[in-house]
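J.: 3D, please:
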Amino acid sequence: MAWTKKHTQLNDVLSDLVPNKSGINRFVLAAGLQPKFIDDSGNAIEVWNKVLIEADKRDKVDDLVKTVLDNYPENPFLKSALSSKEIDYSLSPDIDKVSKWNAVSAETLEVLTMGQSTLLPINFLSKGIIKSRSVAKVEMKIGTNRYNVGTGFLFKVKGIEDLFFITNFHVINRRSDIPKTRIIFDYEQDIYGNSLPSKSFEIEDGKVWYCSPVNQLDTTIFRVKDFDNSLNKYGYIELKEVEISDSEFVNIIQHPGGEMKQISLYHNIVTYRDERKIQYLTDTLKGSSGSPVFNSDWEVVALHHSGSEKKENELALPYGVKSRNEGISINKIIEFVRNNHIS
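T.: As a prediction, this is how the structure comes out:
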């Protein structure tokens, strides 16, 4: 078997969806594979690796994906695995290589298990829709039918009239990639579940190209070409310095896996913050790099840049809750813009 990036990403997705070895066997059988030919020793990631190798040998990888897709019909990564278009959504840096992960406390878990009210005014939904207009998919062509994907958003900083777009440094950081990259707005569904007509923009290769590497702010800021003022439709998010505390809730608007726009609203809670970073529990998926992290007042508190699963020695989390997510403090990014930009 020629193990490709697509197989690695599929292995990651399957072990995320079915993390217990005891649950893997039924998918193996449903795909027409024989368990006796698959070594089930090791953790779930290792077992899924062996399952994929056997499925590839029998030309049944698509059959395997379809059986899991029956249980998770909206999962963007399973759907993309059946497509001939190759999406590289493994963009996030390893948290342990760029930051110290601060473990989740028992007090935070108490809040997460409904120790705090989650009631919000109904206008929370309307405000969120307005903010979401400025969020776009970032798509970079890296070969024939192969793409890198991420997320970003239009913004302004108080006191500066210029309109900027921001995403992660690890999504795009070379000027030579500008011609290959598109910023795509309205890549989402309407209230009836129909696809909206999206609009694609190019990056302006001009004096605004502010980059900070992964181990610092993991940020790239630029302008988007707008020849006919059509960007006005999408507005912008005004960034301002904000304070955030542990156990506050956050929400992320994102393009996971390069799929249509989605929002993470459940199980989202801040676990740690300092001057540079904010760490939180929330459901982010690969391809969410560069997404705005909002508080409950729809103020941006961070630029999402990394996420991974909890380690064995960390406290057990409620079922369905993901751990080890991190964003760069928006206060540091505002400071970065002001220090670099000359009107």
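J.: Show me how the record splits the protein into domains.
T.: 5-83, 95-125+241-331, 134-238 (automatic domain parsing).
J.: Nearest to Asn339, out of those?
T.: Judged by CB to CB, the one of the domains of the chain that comes nearest to Asn339 is domain 134-238, at 9.1 Å. C-beta coordinates here come from the backbone N, C-alpha and C atoms, glycine included.
J.: Let's test this: mean pLDDT of that closest one, rounded?
T.: The pLDDT scores in domain 134-238 average 93.
J.: on that earlier part again, pick the most buried one from the domains of the chain.
T.: Greatest average neighbour count among these goes to domain 95-125+241-331 (a mean of 19), per mean count of other CB atoms under 10 Å.
J.: got the domains of the chain as TSV, with distance to Ile342 columns?
T.: Formatted as TSV, those follow (distance: least, CB to CB, whole Å):
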stretch	distance to Ile342
domain 5-83	40
domain 95-125+241-331	21
domain 134-238	8
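J.: among those domains, which is nearest His341?
T.: It is, among the domains of the chain and with distance given as CB to CB, domain 134-238, at 6.1 Å.
J.: Give me the distance between the two termini of that closest one.
T.: Domain 134-238 has an end-to-end distance of 10 Å (CA to CA, to the nearest Å).
J.: Any figure for the gap between the residue of the chain positioned farthest from its centre and Lys261?
T.: Most distant residue from the mean C-alpha position of the chain: Lys36, 37.0 Å away (CA atoms, centre = their mean). When distance is defined by CB to CB, to the nearest Å, Lys36 is 44 Å away from Lys261.
J.: likewise Lys180?
T.: 22 Å.
J.: how about the nearest residue to the most centrally placed residue in the chain, chain neighbours excluded?
T.: Centroid check for the chain by CA atoms, centre = their mean gives Ser288 as the closest residue, at 1.5 Å. Excluding the flanking residues, the one nearest Ser288 by CB to CB, 6 or more residues apart in numbering is Gln254, at 3.9 Å.
J.: on that earlier part again, which stretch among the domains of the chain approaches Arg338 most closely?
T.: domain 134-238 (6.7 Å).
J.: Give me the distance from the closest one to the chain's centre.
T.: Its chain's C-alpha centre and that of domain 134-238 lie 14 Å apart, by CA atoms, centre = their mean, to the nearest Å.
J.: What distance do you get for Ile142 to Ile269?
T.: For Ile142, the distance to Ile269 - CB to CB - is 35 Å.
J.: hmm, back to that, now do the SS call for the residue farthest from the centre of the chain.
T.: helix (DSSP: H, G, I helix; E, B strand; the rest coil).
J.: list the contacts for it?
T.: For Lys36, the contact set (CB atoms under 8 Å, 6 or more residues apart in numbering) is empty.
J.: Check the gap between it and Lys332 for me.
T.: In terms of CB to CB, Lys36 sits 55 Å off from Lys332.
J.: Excluding covalently adjacent residues, which one is nearest to Ile45?
T.: Ser15 (4.3 Å).
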